[in-house]
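# Sequence and predicted structure are below.
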Amino acid sequence: MKTAKIHIQFVCLGNICRSPMAEYIMREKIKQAHLEHTIFVDSAGTSGWHNGENMHEGTAYVLQQHQIDTKGFTSSQVKKSDWDTFDYIVAMDNNNLRDLENLFGKHPEKLFQITSLCPDLSHDHIPDPWYTGNFNETYHLLDECCDALLKCVKERLKGN
């Protein structure tokens, strides 16, 4: 089996709502682009509060509504070794980014907030549906941001 050239990790607080939603949206986009052997995607949380759990039922429901398979997910926490594993570590909000920068340092070419890829987005962060209850809003924002990220990754792959 070929090893992926690009490794992406999405990160939120608990790794049950936003980051798994981004992971599974991106997996679907990668599959549609026939890049499954080129791009690997994963997710994690900064807190570890939900380690070993499945994604939130609201996350699973909205993904399934968009015909995205949700099987195979288990929540995990960011590890120091992730820095060496992933080419991009993508935060969902300012707090996640700050926590990641405290762990890894500031490296905006590798570690950034996903909404920075969509300057015309209606939000400067991905709202946490754990608090807002609006999983559809989170889905639509992440769908747009994942399109932008995939475009960036494709450009990087063209350069290699």
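Nice, I can see it.

# how about the residue most central in space within the chain, secondary structure?
Residue closest to the average C-alpha location in the chain (C-alpha atoms, centre = their mean): residue 10, at 2.8 Å. Counting by DSSP: H, G, I helix; E, B strand; the rest coil, the backbone at residue 10 sits in strand.

# where's it relative to residue 96, distance?
In this structure, residue 10 and residue 96 are 10 Å apart, going by C-beta to C-beta, to the nearest Å. Just so you know, the C-beta spots here come from the backbone N, C-alpha and C atoms, and that holds for glycine as well.

# before we move on, what about residue 143?
As it turns out, when the distance is counted by C-beta to C-beta, residue 143 lies 19 Å from residue 96.

# quick one: which of the two has more around it?
Ranked by neighbour count (other C-beta atoms under 10 Å), residue 143 and residue 96 place residue 96 first, with 27 against 16.

# so when I look at the more buried one, I'm seeing a helix, right?
Yes. The assignment for residue 96 (three-state DSSP) places it in a helix.

# Report pLDDT for the residue nearest to residue 28 when sequence neighbours are not counted.
The spatial neighbour of residue 28 that comes closest, neighbours along the chain excluded (C-beta to C-beta, 6 or more residues apart in numbering), is residue 68 at 4.9 Å. Among the per-residue scores, residue 68 shows a pLDDT of 97.

# Residue 68 contacts residue 29, doesn't it?
No. Between residue 68 and residue 29 there is no contact, the gap being 9.7 Å when judged by C-beta atoms under 8 Å.

# For residue 137, grab phi and psi.
When read as degrees, to the nearest 10, the backbone of residue 137 gives phi -60, psi -50.

# who's in contact with it?
For residue 137, the residues meeting the contact criterion (C-beta atoms under 8 Å, 6 or more residues apart in numbering) are 127, 129.

# Return the distance of it relative to residue 28.
According to C-beta to C-beta, residue 137 stands 19 Å off from residue 28.

# Residue 145 now?
Here residue 145 is placed at a distance of 14 Å from residue 28 (C-beta to C-beta).

# ok, those two, which is more surrounded?
Neighbours around residue 145 and residue 28, counted as other C-beta under 10 Å, are more numerous at residue 145. The numbers are 25 against 18.

# Report whether the expected contact of the more buried one with residue 113 is present.
No. Using C-beta under 8 Å, residue 145 and residue 113 do not qualify as a contacting pair, with a distance of 9.5 Å.

# Can I get stretch 100-120 as PDB, trimmed to CA atoms?
What follows is stretch 100-120 as a C-alpha-only set of coordinates in PDB (Å, rounded to 0.1, in the frame of the first residue of the first chain):
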ATOM      1  CA  LEU A 100      -1.500  23.900  20.000                       C
ATOM      2  CA  GLU A 101       1.000  26.800  19.700                       C
ATOM      3  CA  ASN A 102       1.800  26.300  23.400                       C
ATOM      4  CA  LEU A 103       2.500  22.600  22.600                       C
ATOM      5  CA  PHE A 104       4.300  23.100  19.300                       C
ATOM      6  CA  GLY A 105       5.300  26.700  18.900                       C
ATOM      7  CA  LYS A 106       4.100  29.200  16.200                       C
ATOM      8  CA  HIS A 107       4.500  27.800  12.700                       C
ATOM      9  CA  PRO A 108       1.700  29.400  10.600                       C
ATOM     10  CA  GLU A 109       2.700  27.400   7.500                       C
ATOM     11  CA  LYS A 110       1.900  24.100   9.300                       C
ATOM     12  CA  LEU A 111      -0.200  25.100  12.200                       C
ATOM     13  CA  PHE A 112      -3.200  27.400  11.600                       C
ATOM     14  CA  GLN A 113      -6.900  28.000  12.100                       C
ATOM     15  CA  ILE A 114      -9.000  26.500   9.300                       C
ATOM     16  CA  THR A 115     -11.100  29.700   8.900                       C
ATOM     17  CA  SER A 116      -7.900  31.600   7.900                       C
ATOM     18  CA  LEU A 117      -8.300  29.800   4.500                       C
ATOM     19  CA  CYS A 118     -11.700  31.400   3.900                       C
ATOM     20  CA  PRO A 119     -11.400  35.200   4.600                       C
ATOM     21  CA  ASP A 120     -14.900  35.800   3.300                       C
END
